[in-house]
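Student: Mind folding the following:
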Amino acid sequence: MANRLEIQDLWVSHEGKTILKGVNLALPLGEVHALMGPNGAGKSTLGKVIAGDPNYRVEKGRILLDGEDITELAPDERARKGLFLAFQYPVEVPGVQVANFLRLALRERLGEEPRIAEFYARLKEAIELLDWDESVLSRYLNEGFSGGEKKKNEILQLLVLRPRYAILDETDSGLDIDALKVVARGVNSMRGPEFSALVITHYQRLLNYIVPDVVHVMMDGRVVKTGGPELALELERRGYDWLKEEVAGA
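Tutor: A predicted model of the protein is given here:
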């Protein structure tokens, strides 16, 4: 069995418009990859489709998780298999406390009720790592949270649920430098042979703290270039126009 998340010739439409046009991408377990590209390239769409968003229609292609075709699976089934999506715009859930949400989510992830002592040990470790106060656990999920707190809460979920594959959709947007460092610390603490992440971002600044093994660049619904961390630095220095010209001339 291939331990990787693999996208094969993926074509996706939304409301009759084709957005992804033959995406090919492989994320081996144990690696962190960055997905970059200009606005409208299809980065966030790819993240949502991998997670199983029903608002998008897969016209062609496959999504494989550890060799299993999950293209038709519901989002909750994908999550149970170890897939996690940190949202670009986390939603508020009034009336549901953060701690209760995490306990229920972990129960679904494990397929059984988590041991109380183990659950609270995970919570305590994650809260400390994120420099957060435990009072956040009694607040309602994202209700009244600042933009930075919502993003930290996504990483809190990541640390507690411990997925095998995480899609981080522009987790850095709206964060000041201190919050950015805290979020990066949380992601970096997960790195190891049993964890992979696809970090979707516009900017190099996040990649200064979460250094990727591989960088992919999307344009017009396709992955047009793949390279090492130096590719992100080149994009930061030169922008995307040079790459658009390179792709057009290919």
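Student: Strands along this structure, start to end?
Tutor: For the chain, the strands defined by DSSP state E occupy 4-14, 17-28, 32-36, 57-65, 68-69, 83-86, 93-97, 140-141, 165-169, 196-200, 214-219, 222-227.
Student: Any idea which of these gets closest to L123?
Tutor: Of all these, strand 93-97 sits nearest to L123, with 12.0 Å by C-beta to C-beta. Where you see a C-beta, it was placed from the backbone N, CA and C, and this is true even at glycine.
Student: now for that closest one, which elements pack on it?
Tutor: Packing contacts for strand 93-97, counted by 3 or more C-beta pairs under 8 Å, 6 or more residues apart in numbering; DSSP states H and E, involve strand 140-141.
Student: Contacts made by the strand it packs on with the rest, please.
Tutor: For strand 140-141, contacts defined as C-beta atoms under 8 Å, 6 or more residues apart in numbering pick out 92-98, 101, 153.
Student: Please apply the same query to stretch 41-60.
Tutor: 5, 7, 9-14, 18-23, 25, 35-37, 63, 70-71, 73-75, 77-78, 83, 85, 88, 167, 169-170, 198, 200, 218-222.
Student: Same question for stretch 242-250.
Tutor: Outside stretch 242-250, the residues that touch it by C-beta under 8 Å, 6+ apart are 217, 219, 224-225, 235.
Student: Now distance to G174, neighbour count and pLDDT too, for those, in CSV please.
Tutor: Shown next, in CSV, are those (distance: C-beta to C-beta, whole Å; neighbours: other C-beta atoms under 10 Å; pLDDT from 0 to 100):
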residue, distance to G174, neighbour count, pLDDT
V217, 23, 24, 96
M219, 24, 19, 94
V224, 27, 17, 95
K225, 27, 19, 95
L235, 21, 23, 91
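Student: one step back: hmm, which of the contacts of strand 140-141 are the buried ones?
Tutor: Listed as buried from the contacts of strand 140-141 are 97-98, 101, 153; burial here means 16 or more other C-beta atoms under 10 Å.
Student: What are the buried residues along stretch 54-63?
Tutor: Across stretch 54-63, burial judged by 16+ other C-beta under 10 Å covers 56, 58, 61, 63.
Student: How much space separates the first one from T45?
Tutor: From Y56 across to T45, the span is 7 Å (C-beta to C-beta, to the nearest Å).
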